[in-house]
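Asker: Quick one, what's the 3D model for this:
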Amino acid sequence: MKKKQRKVRLIRAAIQLIFFIAAPSLFSTAFAGIKSIFLAIGGQQSVTWNSFLDITALLLIITILFGRHFCGYACAFGSLGDALYELTAFIRAKCFGKKKKHGYPEEWVHRLQKVKYVILIFLLLSCITGFYSKLQGMSPWDVFSMLTTGRLPKSTYIAGTVLLILIMVGMCTQERFFCQFLCPMGAVFAIMPILPGALFKRNRPNCAPKCTLCKKRCPAHLDIDGDTSHSGECICCHACTAVCPRKNIHAGTVIDKN
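Answerer: Numbers count the residues shown, from 1 in each chain. From the prediction side, this is the model:
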């Protein structure tokens, strides 16, 4: 089982690295498309299709058809979070002998997951009311995009730089800290109507007695039961499928092996 977990993690890390190098700004480009709609509405202008919306539409369609694999495999900001979390886990294990996975209690995680929806609403209302122009220089995404293109942020981005540093600290304390709690684009993906065939499911009767390995390994502390109130939080990292000792978790129709 550990061999399978290692294989899944290596494959995922390789894909993440490719996207991090080749397309580090996909997530910010996608949200720029959504912002362009609400900025046009706020400016009482007609909404026109643009290149940002090309990316937004593509990622939303992919999410509806296949789940949030973009978040789990292709988002550069999410990959940064994974790297920082794994580095912290490595330091905890090697220097302090703490091999147990660290993070927040399940109740905290589920409550904090709602914060990103508040941030999404705030940003969209800011676009409509014209307040968004006053937030320039405060975006950690913009600072991250500058750094990935080899540019240092200007002095006008001090607030954004500080926020990025604070987010990176948070990434060390909880797996997918930003994606789960703060990402407005993650909030958009989470409310998408994902096709049933793209949701992860398990056949409970086939589970080992009192086994909760999948939920413990899941960054979002999800019960793997298909379409639930929290299923939109699944980032399709496949950690649950790798850790299941009975290979009882998969996307699509549940098949009774009994």
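Asker: which residue ranges form the strands in the stretch 51-200 of the chain?
Answerer: Counting by DSSP state E, counting those that start in this stretch, the stretch 51-200 of the chain has strands at residues 200-202.
Asker: which residues of it fall in helices?
Answerer: Using DSSP state H, counting those that start in this stretch, the helices found in the stretch 51-200 of the chain span residues 51-66, 69, 76-96, 106-112, 115-129, 140-148, 158-173, 177-181, 184-190.
Asker: Reformat these into JSON lines and put mean neighbour count, mean pLDDT and distance to Ile224 next to each item.
Answerer: For the C-beta atoms, the positions are set from N, CA and C on the backbone; glycine is no exception. Shown next, in JSON lines, are the helices of the stretch 51-200 of the chain (neighbours: other Cβ atoms under 10 Å; pLDDT from 0 to 100; distance: least, Cβ to Cβ, whole Å):
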{"stretch": "helix 51-66", "mean neighbour count": "17", "mean pLDDT": "96", "distance to Ile224": "17"}
{"stretch": "helix 69", "mean neighbour count": "20", "mean pLDDT": "96", "distance to Ile224": "16"}
{"stretch": "helix 76-96", "mean neighbour count": "17", "mean pLDDT": "96", "distance to Ile224": "20"}
{"stretch": "helix 106-112", "mean neighbour count": "15", "mean pLDDT": "95", "distance to Ile224": "14"}
{"stretch": "helix 115-129", "mean neighbour count": "16", "mean pLDDT": "97", "distance to Ile224": "22"}
{"stretch": "helix 140-148", "mean neighbour count": "20", "mean pLDDT": "93", "distance to Ile224": "31"}
{"stretch": "helix 158-173", "mean neighbour count": "16", "mean pLDDT": "97", "distance to Ile224": "24"}
{"stretch": "helix 177-181", "mean neighbour count": "24", "mean pLDDT": "97", "distance to Ile224": "17"}
{"stretch": "helix 184-190", "mean neighbour count": "23", "mean pLDDT": "96", "distance to Ile224": "16"}
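Asker: CSV please, covering the ones you listed and showing distance to Ile37.
Answerer: Shown next, in CSV, are the helices of the stretch 51-200 of the chain (distance: least, Cβ to Cβ, whole Å):
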stretch, distance to Ile37
helix 51-66, 8
helix 69, 24
helix 76-96, 22
helix 106-112, 27
helix 115-129, 8
helix 140-148, 18
helix 158-173, 23
helix 177-181, 23
helix 184-190, 12
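Asker: quick one: which of those is nearest Gln5?
Answerer: Taking Cβ to Cβ, helix 76-96 is the member of the helices of the stretch 51-200 of the chain nearest to Gln5, at 13.0 Å.
Asker: Spatially central residue in this structure, please.
Answerer: Cys179 (3.7 Å; Cα atoms, centre = their mean).
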